[in-house]
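J.: from the sequence below, what's the structure:
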Amino acid sequence: MYDLCREQCTERGLEPVKLHKYRQICNQQFNIRFMKPKSDRCDTCESHKMNDEKGVQSSEKDREAFARHTFLKDNAREARQRDRESSSAVLPRSNVSNFYYRRKLSVYNLTVHYSLDKSSYCCIWNEAEGGRCGNTIASALLKVLDQFTQENPTINNIILWSDSCVAQNRNSLMSYALLSFMRAHPHIKILTQKYSEAGHSLVQEVDSVHSAIECHLARCEVFSPVTLIRQLLSVRRNPKLMILQMKHRFSVL
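T.: So this is what the prediction gives:
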C-alpha cells in the first residue's frame, strides 16, 4: 500500500511522506492495522520445536533427519535468491487452489509469476473441463508457457520454481510436458525445474497474487466462471493479471 502511495505521489509531482508517518495516519485516522502475513508451518520443524520445548530427547536418526531437512530448506532458499537476482526467466508456480461458490462449481487457478517484469498469469478452468491431476496441471502450465514465450520471444533460459507436490508438480507427466514444450520452441535452450523443500514454500510471489485475489473476491459475489474471470481482471495488481482460459481440447498429454 505504501509503495502504491509513493507511486501516486510521484505521478502527481508530490513528495511522499515517510513510512512511519503513513503508518501513523492509517492506524489513527483510518483505523487500518498492519500485520505480518501468516505463513504455513512445516510439520517437521514444528515437531522438532515441540520436542525441544517439552525436553524430549530426540533419537540420533531423528536428529539426522532434521539436520538434512534444515540443510535442504536453506539450500533451496539460497538457490531461489540467486535465481531472483539472475537475468534468467524465473517462474515460480503454486499448487492449484480451488474456489467454492454458491452454485457449487469448483473453479481452479494455476498461477505463474514472472520475476523479471513482475507479471502474473492465471490459467483458469472449471471441474467440467478437468480436475487437479498431474495431466491437467501440466497442460495448464504449457498454456501459460506458450503465452509467455509469445510475449517474451528473446528469452531462451527459463527456471521453474514450484513446491514439491509429487502428484501435481514432481512427476514424469510434468517432465514430458516440459520436454514437449522445448521441442515446440527450439529457441528455448535451457529449462530448469527447481523445487522447494517440503513444508517451506519459496514461491511467495504467487502467494501474494492469491492474497490479492482473495481480498478482491471478498468484496464481490461470484455466480459463474465468467463472472470470476471478469473479477480477476479487476484485481488491483501492477501489471494487471493475465487471464488464460483452459478448454478440454487444449489438453496435450
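J.: phi and psi next, for Lys194.
T.: In terms of degrees, to the nearest 10, the main-chain angles of Lys194 are phi -130, psi 150.
J.: cool, Trp161 as well?
T.: Main-chain torsions, Trp161, degrees, to the nearest 10: phi -110, psi 130.
J.: that one: neighbour count?
T.: 26 (other C-beta atoms under 10 Å). No exception for glycine: its C-beta is placed from N, CA and C like everyone else's.
J.: next: Pro16.
T.: 16.
J.: pLDDT wise, what is it at?
T.: pLDDT for Pro16: 86.
J.: and it, how close does it get to Tyr108?
T.: Here Pro16 is placed at a distance of 39 Å from Tyr108 (C-beta to C-beta, to the nearest Å).
J.: any idea how far Tyr108 is from Gln147?
T.: 17 Å.
J.: over to Phe181?
T.: Taking C-beta to C-beta, one finds Phe181 at 12 Å from Gln147.
J.: in a helix, Cys220, correct?
T.: No. If the criterion is DSSP: H, G, I helix; E, B strand; the rest coil, then Cys220 is coil and not within a helix.
J.: what sits against the closest residue to it other than its chain neighbours?
T.: Excluding the flanking residues, the one nearest Cys220 by C-beta to C-beta, 6 or more residues apart in numbering is Gln231, at 5.7 Å. Neighbouring residues of Gln231 by C-beta atoms under 8 Å, 6 or more residues apart in numbering: His216, Leu217, Cys220, Val222.
J.: just give me the closest of those residues to Lys49.
T.: Leu217 (34.1 Å; C-beta to C-beta).
J.: need the pLDDT of the nearest residue to the closest one once chain neighbours are set aside.
T.: Using C-beta to C-beta, 6+ apart and skipping residues adjacent in sequence, the residue nearest Leu217 is Gln231, 6.3 Å away. Gln231 is assigned 90 on the pLDDT scale.
J.: I'd like to know how far the residue positioned nearest the centre of the chain sits from Cys122.
T.: Nearest to the geometric centre of the chain sits Val206, at 2.2 Å (C-alpha atoms, centre = their mean). Distance of Val206 to Cys122, given as C-beta to C-beta: 10 Å.
J.: between these two, what contacts are shared?
T.: The contact lists of Val206 and Cys122 share Thr111, where a contact means C-beta under 8 Å, 6+ apart.
J.: helix or strand for the residue nearest to Leu217, which one?
T.: helix 225-233 (DSSP states H and E).
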